[in-house]
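**Student:** This is the structure alone, sequence omitted:
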């Protein structure tokens, strides 16, 4: 994937896809607008990985049983042109102030 920067021995070992685990031993994690850089050790050899978010295909947090799947796409995200939505304006009934605050009283009645 364009923008991915990993050591040659890792790209040879994992030519198409690799799993990156950020759990106990990592350093210099830097998150930018378009990707992240992190230091990890592979077989005792420290390495720095640079990964654009466009290259991420899966995110898993097993501690909370959460997973997201993505489709990697090397092209820029192009937004499809569309007409303005007709129902984007909130409808306010006459006499209402438009607020959406709801008061809830959880005290017990005696």
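**Tutor:** Alright, I've got the coordinates. Bear in mind the structure is a predicted one, so any value in this text is a computation, not a measurement.

**Student:** Am I right that residue 10 is in a helix?
**Tutor:** Yes - checked against DSSP: H, G, I helix; E, B strand; the rest coil, residue 10 lies within a helix.

**Student:** which stretches of this structure form helices?
**Tutor:** Shown for the chain, the helices assigned by DSSP state H span residues 8-13.

**Student:** which stretches of it have low pLDDT?
**Tutor:** 72-80, 82, 85-110 (pLDDT under 70).

**Student:** Okay, and the beta partners of residue 51?
**Tutor:** Beta-bridge pairing for residue 51 (DSSP bridges): residue 36.

**Student:** State the number of residues packed around it.
**Tutor:** Neighbourhood size, residue 51 [other Cβ atoms under 10 Å]: 19. Where C-beta positions appear, they are placed from N, C-alpha and C, glycine not excepted.

**Student:** now swap in residue 40 and tell me
**Tutor:** Neighbour tally, residue 40, other Cβ under 10 Å: 19.

**Student:** That one contacts residue 49, correct?
**Tutor:** Yes - in this structure residue 40 lies within contact range of residue 49 using Cβ atoms under 8 Å: 6.3 Å.

**Student:** Could you name every residue contacting both of these two?
**Tutor:** When contacts are counted by Cβ atoms under 8 Å, 6 or more residues apart in numbering, residue 40 and residue 49 are jointly contacted by residue 20.

**Student:** which residues in this structure form strands?
**Tutor:** In order along the chain, the chain carries the following strands (DSSP state E): 27-31, 35-42, 45-52, 58-61, 66-69.

**Student:** closest to residue 84 out of these?
**Tutor:** Nearest to residue 84 among the strands of the chain is strand 66-69; the distance by Cβ to Cβ comes to 29.9 Å.

**Student:** returning to that earlier point: let me have the strands of the chain in a markdown table, extended by distance to residue 12.
**Tutor:** Putting those into a markdown table (distance: least, Cβ to Cβ, whole Å) gives the following:
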| stretch | distance to residue 12 |
| --- | --- |
| strand 27-31 | 24 |
| strand 35-42 | 12 |
| strand 45-52 | 13 |
| strand 58-61 | 22 |
| strand 66-69 | 26 |
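
**Student:** Of all those strands, which one comes closest to residue 1?
**Tutor:** Short answer: strand 45-52, nearest of the strands of the chain by Cβ to Cβ, at 7.0 Å.
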